[in-house]
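1. build me a structure from this.
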Amino acid sequence: MNWSKMLDAKVALVTGGGSGIGRATAQVFAEHGASVMVADVNGASAEQTVAGILAAGGDATFQQTDVGKMQDVERMVQQTVERYGRLDVVLSNAAGYQLGTATEISEADWDRTLDVCLKATWMIAHQAMPIMLRQETGAFIITGSVQALRGYTGHVAYQAAKGGLMALTRSLAADYAPKIRVNAILPGAVITGIAAHLNESQLDHMAKRCPLQRNSRPEEIGRVALFLASDMSSYVTGTSVIVDGGLTSVIKMD
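-> Residues are numbered from 1 along each chain as shown. This is a model prediction of the structure:
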């Protein structure tokens, strides 16, 4: 096995690929030989990701997609197969959410958060699994969160969605084994666009809460996705890999 090109000749679909973890993972996949369909609700951001991959000598295209809508998800998967002829790896990564407690958040914001952060992964599986089953192989990866494991104030809809993704990971893994492997990644604090509103002091406070004393870079999550997408994890399915610098392993008193 040539571990320098772990996804050589593979086709990968990455949602939320216009920024953050999605962009970094799309770049890592392309560096390791995959042709990548970059999907994002922000078409301009997805196009920028693709431009970067092409400039580095990789192969990628983009599809503007709202993963909260089944017709968009169906078109995204169809376009991937029409463009590349197959589908080997899926990273269901897109997220969009509103903060608030159960008494603060509106029904519309609850529904939209659950649509994008939970239902979308089912919709992608609904469209992608038949293709992978025909190929008799595939890796389906879900971006979860450590918020599936620990309570955080003011994140009721997001936490419900991420907790659901852990259960969905196990369910999909059971249903589609042995041909398709399904795993989740549970990141901790990752410096992405979502953290752009935080100042240096707030970012430092976040970093000090975990044993590694720093926040993650998106590409560090992308490399874990690469492991789960490749044959290096050929005997791994139905699990959630925590990538949080040790955050959930300790009780940190402020």
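2. for this structure, what helix or strand is lowest in average pLDDT?
-> One helix or strand of the chain scores below all others by mean pLDDT, DSSP states H and E: helix 200-208, with a mean of 81.
3. let me see the ranges of the helices in the stretch 151-254 of the chain.
-> Secondary structure of the stretch 151-254 of the chain, counting by DSSP state H, counting those that start in this stretch: helices at 156-176, 200-208, 218-229.
4. a markdown table for the ones you listed, including mean neighbour count and distance to residue 21?
-> The C-beta positions use only the backbone N, C-alpha and C, and glycine is treated the same way. As requested, the helices of the stretch 151-254 of the chain are exported to a markdown table (neighbours: other CB atoms under 10 Å; distance: least, CB to CB, whole Å):
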| stretch | mean neighbour count | distance to residue 21 |
| --- | --- | --- |
| helix 156-176 | 19 | 14 |
| helix 200-208 | 13 | 16 |
| helix 218-229 | 21 | 5 |
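5. give me the contact list for the helix or strand where residue 128 lies.
-> Under the criterion of DSSP states H and E, residue 128 resides in helix 120-135. By CB atoms under 8 Å, 6 or more residues apart in numbering, the residues outside helix 120-135 that reach it are 13, 15, 67-68, 70, 73-74, 76-78, 81, 86-88, 90, 92, 94, 138, 140, 142, 165, 168, 172, 176, 179-180.
6. same question for stretch 163-178.
-> Here stretch 163-178 makes contact (CB under 8 Å, 6+ apart) with 114, 117-118, 121-122, 125, 129, 132-133, 138, 140, 142, 144, 147-148, 180-184, 186, 237-240.
7. one more pass at 10 Å, please.
-> For stretch 163-178, contacts defined as CB atoms under 10 Å, 6 or more residues apart in numbering pick out 92, 114, 117-122, 125, 129, 132-133, 136-138, 140-145, 147-149, 161, 180-186, 236-240.
8. export it as PDB, just CAs?
-> Extracted in PDB, the C-alpha atoms of stretch 163-178 (Å, rounded to 0.1, in the frame of the first residue of the first chain):
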ATOM      1  CA  GLY A 163     -26.200  13.500  19.800                       C
ATOM      2  CA  GLY A 164     -28.500  12.100  17.100                       C
ATOM      3  CA  LEU A 165     -25.500  11.900  14.700                       C
ATOM      4  CA  MET A 166     -23.700   9.500  17.100                       C
ATOM      5  CA  ALA A 167     -26.700   7.200  17.100                       C
ATOM      6  CA  LEU A 168     -27.100   7.500  13.400                       C
ATOM      7  CA  THR A 169     -23.500   6.600  12.900                       C
ATOM      8  CA  ARG A 170     -24.000   3.300  14.800                       C
ATOM      9  CA  SER A 171     -27.300   2.600  12.900                       C
ATOM     10  CA  LEU A 172     -25.800   3.200   9.500                       C
ATOM     11  CA  ALA A 173     -22.700   1.100  10.300                       C
ATOM     12  CA  ALA A 174     -24.900  -1.800  11.300                       C
ATOM     13  CA  ASP A 175     -27.200  -1.500   8.300                       C
ATOM     14  CA  TYR A 176     -24.600  -1.300   5.600                       C
ATOM     15  CA  ALA A 177     -21.800  -3.500   6.900                       C
ATOM     16  CA  PRO A 178     -19.700  -5.200   5.700                       C
END
